[in-house]
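Trainee: Take this sequence and fold it.
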Amino acid sequence: MTPSSFPYPVLITGASSGIGLALTSLHLARGDRVIASSRQPDSSPLAALASRHDKLELVEADLTTNRGPAALADETVRRTEHLSRVICCAGVLHDTNRNMSPEKRLEELLPENLEYSFRLNALAPILLAQALLPLLRRQPATFAAISARVGSITDNHLGGWYSYRSSKAALNQLMRTFAVEARRRAPNLTVLALHPGTTDTPLSAPFQSRVPQEKLFSPDWVAEQLTEQLDKATPEQSGSFLNWRGESLPW
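Mentor: This is a model prediction of the structure:
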């Protein structure tokens with residue numbers, strides 16, 4: 001699908017900063033109606049964006065709670081009969097409020113951080129997909145989740161980062177499994193896991209010192225690259241794990 005604007009809204013989670021905010025701005029710029037979710041949308045840059053765009057609708061949602069994904073889906077259903085695209089950008093690598101950082105050694109692994117990573121990085125997207133499936137079945141649509149290359153089991157040569165790696169690996173498997181079922185139940189739906197590359201966002205900020213400047217991408221540039229891949233994607237590619245170039249990554 002490569003329209004200048006979609007017939008139905010685009011739902012973007014984690015839209016208050018980073019890639020999610022850049023994707024929100026980009027879709028608005030091309031005329032799409034966007035439903036953007038965040039834990040505190042009214043106190044984020046989304047509020048200023050909403051004041052300038054009447055096609056932007058903000059929804060408060062905490063996807064780490066048991067009810068969060070279903071509540072977001074319920075609110076979305078109240079606003080539209082279909083969705084053209086869903087992009088799940090909410091995710092966690094570190095959180096100072098939770099004393100959470102990527103593990104360098106097995107001894108650093110804490111069960112509460114492992115559970116939290118899985119809840120936001122893996123469970124939230126698939127539970128949202130479960131709740132939103134009726135809004136994605138009747139017209140060509142895309143459901144995409146921002147994954148990460150470090151979630152690749154085949155490509156894991158460095159170790160560490162137990163919570164983040166394993167939760168993204170779980171996300172990849174969940175998206176792949178969803179895609180298999182969608183071929184039967186929603187044949188016009190394309191399901192993708194996307195690796196954006198190292199992006200200059202709060203998520204990567206503590207780990208950018210070793211990243212070459214040419215490999216540290218701006219959120220706006222990443223949003224353009226990912227949107228280009230999403231626009232080109234077809235149901236035949238459903239279930240793929242792609243990078244920002246559209247290249248398949250090893251599972």
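
Trainee: Which positions within the worst-scoring helix or strand of the chain on mean pLDDT qualify as buried?
Mentor: In the chain, no helix or strand scores lower on mean pLDDT, DSSP states H and E than helix 45-52, which sits at a mean of 94. Buried positions in helix 45-52, judged by neighbour count with 16 or more other CB atoms under 10 Å: 46, 49-50. Backbone N, C-alpha and C define where each C-beta goes, glycine included.

Trainee: Also stretch 157-164?
Mentor: For stretch 157-164, by 16+ other CB under 10 Å, it's 161-164.

Trainee: Tell me which stretches of this protein form strands.
Mentor: Assigned strands in the chain, in chain order: 10-13, 34-38, 56-60, 85-88, 141-146, 189-195, 240-243 (criterion: DSSP state E).

Trainee: Counting by contacts, list what the first one packs against.
Mentor: Going back to what we said before, that points to strand 10-13. Helices and strands touching strand 10-13, as assessed by 3 or more CB pairs under 8 Å, 6 or more residues apart in numbering; DSSP states H and E, comprise helix 18-29, strand 34-38, strand 85-88, helix 124-132.

Trainee: And the third one, by the same measure?
Mentor: Here strand 56-60 touches strand 34-38, helix 45-52, helix 68-79, going by 3+ CB pairs under 8 Å, 6+ apart.

Trainee: Select, out of the ones you listed, the one closest to Ala15.
Mentor: strand 34-38 (3.6 Å; CB to CB).

Trainee: Give me the distance from that closest one to the chain's centre.
Mentor: Remark: strand 34-38 is offset 12 Å from the chain centroid, using CA atoms, centre = their mean, to the nearest Å.

Trainee: where along the stretch 101-250 of the chain do the helices fall?
Mentor: Ranges of helices in the stretch 101-250 of the chain, per DSSP state H, counting those that start in this stretch, are 111-118, 124-132, 162-185, 219-232.

Trainee: Only alpha carbons, please: show the third one as PDB.
Mentor: In PDB, the C-alpha atoms belonging to helix 162-185 read as follows (Å, rounded to 0.1, in the frame of the first residue of the first chain):
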ATOM      1  CA  TYR A 162      19.100 -11.200  28.900                       C
ATOM      2  CA  SER A 163      15.800  -9.500  29.500                       C
ATOM      3  CA  TYR A 164      15.800  -7.300  26.300                       C
ATOM      4  CA  ARG A 165      17.200 -10.100  24.000                       C
ATOM      5  CA  SER A 166      14.800 -12.700  25.200                       C
ATOM      6  CA  SER A 167      11.700 -10.400  25.200                       C
ATOM      7  CA  LYS A 168      12.400  -9.300  21.600                       C
ATOM      8  CA  ALA A 169      13.000 -12.900  20.600                       C
ATOM      9  CA  ALA A 170       9.600 -13.700  22.100                       C
ATOM     10  CA  LEU A 171       8.100 -10.800  20.200                       C
ATOM     11  CA  ASN A 172       9.500 -12.100  16.900                       C
ATOM     12  CA  GLN A 173       8.000 -15.600  17.500                       C
ATOM     13  CA  LEU A 174       4.700 -14.100  18.500                       C
ATOM     14  CA  MET A 175       4.500 -11.900  15.400                       C
ATOM     15  CA  ARG A 176       5.500 -14.900  13.200                       C
ATOM     16  CA  THR A 177       2.800 -17.100  14.800                       C
ATOM     17  CA  PHE A 178       0.200 -14.300  14.400                       C
ATOM     18  CA  ALA A 179       1.200 -14.000  10.800                       C
ATOM     19  CA  VAL A 180       0.600 -17.700  10.200                       C
ATOM     20  CA  GLU A 181      -2.900 -17.500  11.700                       C
ATOM     21  CA  ALA A 182      -3.700 -14.300   9.900                       C
ATOM     22  CA  ARG A 183      -3.100 -15.900   6.500                       C
ATOM     23  CA  ARG A 184      -6.300 -17.900   7.200                       C
ATOM     24  CA  ARG A 185      -8.300 -15.400   9.100                       C
END
